[in-house]
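In: Following is a predicted model, sequence given first.
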Amino acid sequence: MLSDARVDIAVLVSGGGTNLQALLDAQASGALRSGRVALVVSDREGAYALERARNAGVEARCLSRRGQSQAEWEKRLAALLDSRGVGLVVLAGFLTLLGAAFIGAFRGRLVNVHPSLVPAFCGKGYYGLRVHEAALARGVRVTGATVHLVDEVPDGGPILLQKAVRVRRGDTPQSLQKRVMERAEWVLLPRACETLCKKLLKEGCGHARNAL
């Protein structure tokens, strides 16, 4: 819900939650002031991102897909988000591909961060270190990160922000990943979320969504 003129944000995660931490740090510093991280949801048990959330006093939930169809699981997720009055949903290292019904319900308020300059090295199968391995194998001199709205095409939604990062001689996928996170992802994601939350507050519909 909107609380103290802020949009409540849900962050969906699958792993360590470094981008979640960037949002929490931005919130603490005041760089993210039009929204607040109110809920963190993981599709995987034991994701360290859940511990990060708890350490910051944020509600953390694991929503396992075990024994459920994709549609059933997405309805559970949507119901959870709806019950918390979530206005903006952030995919931060979230590895489950969401279906058209869920995307449609949150259209315009569902955002993703991807570790490349989209449309390069993106789409199905490109995530985590695989993106940086592909960039190095191609021999590109510049890579970066992209924050975009989510639509039915993986990594295909409207681009909000991009930032370039130079590839260095001798880079490994791990060193490149670290530099892209530090210089691009952790900079862009809080900035994009602040912009979107401001927009939602101005429209007066930060917590509204279509029914799933």
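Out: Yes, it's here. Quick caveat: nothing in here was measured; it's all calculated off a predicted structure. Numbering: from 1, shown residues only.

In: Tell me where the chain has helices.
Out: 18-29, 48-55, 70-83, 100-105, 129-138, 173-180, 186-203 (DSSP state H).

In: Reformat these into TSV and put mean pLDDT and mean neighbour count next to each item.
Out: Every C-beta, even on glycine, is put in place using the N, C-alpha and C of the backbone. TSV is the format used below for these (pLDDT from 0 to 100; neighbours: other Cβ atoms under 10 Å):
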stretch	mean pLDDT	mean neighbour count
helix 18-29	98	20
helix 48-55	97	18
helix 70-83	96	16
helix 100-105	96	17
helix 129-138	98	17
helix 173-180	98	18
helix 186-203	96	19
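
In: wait, which of the ones you listed is closest to residue 36?
Out: The closest approach between residue 36 and any of these, judged by Cβ to Cβ, belongs to helix 18-29 at 6.1 Å.

In: For that closest one, name the packing helices and strands.
Out: Judged by 3 or more Cβ pairs under 8 Å, 6 or more residues apart in numbering; DSSP states H and E, the packing partners of helix 18-29 are strand 7-13, strand 35-42, helix 48-55, helix 186-203.

In: is it possible to export the helices of the chain to TSV including distance to residue 114?
Out: Listed next are these as TSV, based on distance: least, Cβ to Cβ, whole Å:
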stretch	distance to residue 114
helix 18-29	11
helix 48-55	17
helix 70-83	21
helix 100-105	16
helix 129-138	8
helix 173-180	10
helix 186-203	10
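
In: between these, which gets nearest to residue 149?
Out: Nearest to residue 149 among these is helix 186-203 (8.6 Å), distances taken as Cβ to Cβ.

In: hey, what's the residue nearest the centre of the chain bridged with?
Out: The geometric centre of the chain, computed from its C-alpha atoms, lies nearest to residue 91 (Cα atoms, centre = their mean), at 2.5 Å. With DSSP bridges applied, residue 91 shows beta-bridge pairing to residue 12, residue 112.

In: so it touches residue 149, yeah?
Out: No - Residue 91 is not in contact with residue 149 according to Cβ atoms under 8 Å; the separation is 10.6 Å.
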